[in-house]
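*Asks:* Here is a sequence with its predicted model. Questions after.
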Amino acid sequence: MKPARLLVRALADPASCASLSAGEWTALITAARAESLLGSLAFRLEGMRVPPKVERILDEARKDSAQARTQALWEAEMARRALAPTGVPAILMKGTAYLAAGLDAGVGRSIGDLDIMVPRAGLPPVEEALLAAGWEWVKPADGYDDIYYRQWMHELPPLIHRTRDRMIDVHHTILPLTARPRPDAEAMIAASLSLPSGLRILSREDMVIHSAAHLFADGDLAGGLRNLWDLDRLLRQFAAEAGFWPRLAERANLHQLRPAVSRTLRLARRLYSTPVDGGLAGRFRLTDRLFEQRLLARNGWGQPTRRALRFAFYVRSHWLRMPPLMLARHLWTKARG
C-alpha cells in the first residue's frame, strides 16, 4: 500500500496498524512526518501495542505536541495583550483556534504561524499595536509584495516577532480579494464566539467553511491530508449538535463556498470515512479523483510525487486567486524580481 494510503488508513482506523511490517511502519512514520501529521498519528495510536522503536518515536511526538500547544497558546495570549488596548475583536483561526477551544481537531495537531482575523476597518490600529509590541515585517515594507498584500490579499503581509521568532498572519477575510467567491467576512465576525481568554473563534459552521476554503478554493493542496484530517475531526464533533448540517449548508451558500464545502465532505468521506450529510456532499465526481491523487502524492521516503499533477494544482491555485490579466502581470513581476 502507498505510504499516504497507509497514513490515511491508520488515522481513520488505528487497529489497521496491528499487522504492519517493519517496512510499512517506516513508510507510515515517514509519510506522517512529511504531512505534519505525526503528532495526530501518535495520539491516535496511544495505548496500542507497536514496535518499541516506533513507540519511542510516537512518544517523542506526543511530547513535542504538548510543547507546541503551550507555545501556540502563549503566542495567542501575547497577541491578545498587544491588541487589547485597540478594542478590535481578534478571532483565532486554524490550529491555534482548535487548541484554545479544546476541540478534537487540536489533539496532536502541528502548529505553524498564529492566524487571526480582524475587521478590515480595524487593520490600521492592529498593525500599529503589533509593531509596537515587537512584531516586524518579514519582507521590506515598501516592495512589490507589500503592495500586493495590501491591495489584493485577504491578510496583511506576514509579521514575525523579533525576540520570540514566531510569525503572525492577520486576516480580514478568508480568501484573496481577487478570488471569485466573496465570503461575507462581516457575517463571520458577527457570528464569532467568545472564549474565556477574551479571544474569539469562528462559529462551528464558519470554522468548517474556512478550512474547506483554504483547502479547495485557495491553495495548491500542500498539506492537504492534514487539513482534511482537521475537517474530519471538526465534522465528527460538530455533527452531534442539532441542526448543524442545515446551518452549514446555509452558511456555505452565504459565503459562496458551497462547491468547496461539498468537495470537502466527499473527500473526507472517501479518505477518512467521515460521516457526512449526503445531500450537502453530493455524489462523488470524476474530478474528485484528481484531488484525491494530489492529496496522496507521496512516496515511501516522504518525497512528493506526480510532478505534473502537483504543478497543475499550483497553476490552479493562482488561477483561482486572480483574473487572467492580473495573473500574467503578477507572474511576470515575480519572475523579474
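*Replies:* Nice, thanks for sending it over.

*Asks:* so Gly122 touches Val88, yeah?
*Replies:* Yes: applying C-beta atoms under 8 Å, one finds Gly122 in contact with Val88, separated by 3.7 Å. In this view, the C-beta of every residue, glycine as well, is placed from N, C-alpha and C.

*Asks:* Show me which of these two is the more surrounded one.
*Replies:* Between Gly122 and Val88, counting by other C-beta atoms under 10 Å, Gly122 is the more crowded of the two (19 against 16).

*Asks:* buried sites along stretch 203-220?
*Replies:* 203-220 (16 or more other C-beta atoms under 10 Å).

*Asks:* Please work out the average pLDDT along that stretch.
*Replies:* Average pLDDT, stretch 203-220: 90.

*Asks:* Helices along the stretch 151-300 of the chain, start to end?
*Replies:* For the stretch 151-300 of the chain, the helices defined by DSSP state H, counting those that start in this stretch occupy 185-190, 204-216, 224-238, 244-254, 258-272, 278-281, 286-295.

*Asks:* you'd agree Gly108 is in a strand?
*Replies:* No: applying DSSP: H, G, I helix; E, B strand; the rest coil, one finds Gly108 to be coil, outside a strand.

*Asks:* tell me the centre residue of the chain?
*Replies:* In the chain, the residue lying closest to the centroid (C-alpha atoms, centre = their mean) is Asn227, at 4.9 Å.

*Asks:* Which residues are in contact with that residue?
*Replies:* 211, 214-215 (C-beta atoms under 8 Å, 6 or more residues apart in numbering).

*Asks:* Then Ala22?
*Replies:* Counting by C-beta under 8 Å, 6+ apart, Ala22 has contacts Pro51.

*Asks:* for Trp301, same thing?
*Replies:* Residues near Trp301 by C-beta under 8 Å, 6+ apart: Thr30.

*Asks:* what does the model give it for pLDDT?
*Replies:* If you check Trp301, the pLDDT there is 76.

*Asks:* do Tyr148 as well
*Replies:* 74.

*Asks:* Name the residues of the strand or helix carrying it that are buried.
*Replies:* Secondary structure from DSSP states H and E places Tyr148 in helix 144-152. Buried residues in helix 144-152, counting neighbours by 16+ other C-beta under 10 Å, are found at 145, 149.

*Asks:* what's the spacing between Ala179 and Ile189?
*Replies:* The gap separating Ala179 from Ile189 is 18 Å, by C-beta to C-beta, to the nearest Å.

*Asks:* With Leu92 instead?
*Replies:* 13 Å.

*Asks:* These two: who's more crowded?
*Replies:* Using other C-beta under 10 Å, the more surrounded residue of Leu92 and Ile189 is Leu92, with 27 against 20.

*Asks:* Would you mind listing the residues in contact with the more buried one?
*Replies:* So Leu92 contacts 76, 100, 114-116, 195, 199-201 (C-beta under 8 Å, 6+ apart).

*Asks:* sec struct for it, please.
*Replies:* Using three-state DSSP, the three-state assignment for Leu92 comes out as strand.

*Asks:* From Ile201, how far out is it?
*Replies:* With C-beta to C-beta as the criterion, Leu92 and Ile201 are 5 Å apart.

*Asks:* now swap in Gly282 and tell me
*Replies:* Applying C-beta to C-beta, the value for Gly282 to Ile201 is 28 Å.

*Asks:* The two: which has the busier surroundings?
*Replies:* Legend: neighbour count by other C-beta under 10 Å for Gly282 and Ile201, higher for Ile201 (21 against 15).

*Asks:* quick one: that one and Leu195 touch, right?
*Replies:* Yes: the criterion here is C-beta under 8 Å, and Ile201 meets it with Leu195 at 6.3 Å.

*Asks:* Between those two, which contacts overlap?
*Replies:* What both Ile201 and Leu195 touch, as defined by C-beta under 8 Å, 6+ apart, is the set 92, 100-101.

*Asks:* of all those residues, which comes closest to Gln67?
*Replies:* Ala100 (16.3 Å; C-beta to C-beta).

*Asks:* mind listing what the closest one touches?
*Replies:* Applying C-beta under 8 Å, 6+ apart, we find Ala100 in contact with 73, 76, 92, 195, 197, 199, 201.

*Asks:* So for the last one, what's the nearest residue that isn't a sequence neighbour?
*Replies:* I take that to be Ile201. The shortest distance from Ile201 to any residue other than its chain neighbours is 4.6 Å, reached at Ala97 (C-beta to C-beta, 6 or more residues apart in numbering).

*Asks:* biggest helix in this structure, by residue count?
*Replies:* helix 52-83 (DSSP state H).

*Asks:* Summarise which helices and strands that helix is packed against.
*Replies:* Applying 3 or more C-beta pairs under 8 Å, 6 or more residues apart in numbering; DSSP states H and E, one finds that helix 52-83 contacts helix 22-34, helix 38-44, helix 94-100, strand 114-117, helix 123-132.

*Asks:* burial measure for Ala66, as a count.
*Replies:* Counted with other C-beta under 10 Å, Ala66 comes out at 12.

*Asks:* sorry, back to before: check which residues of the longest helix of the chain are buried.
*Replies:* So helix 52-83, judged by 16+ other C-beta under 10 Å, has buried residues 54, 57-58, 61-62, 65, 68-69, 72-73, 75-76, 78-80, 82-83.
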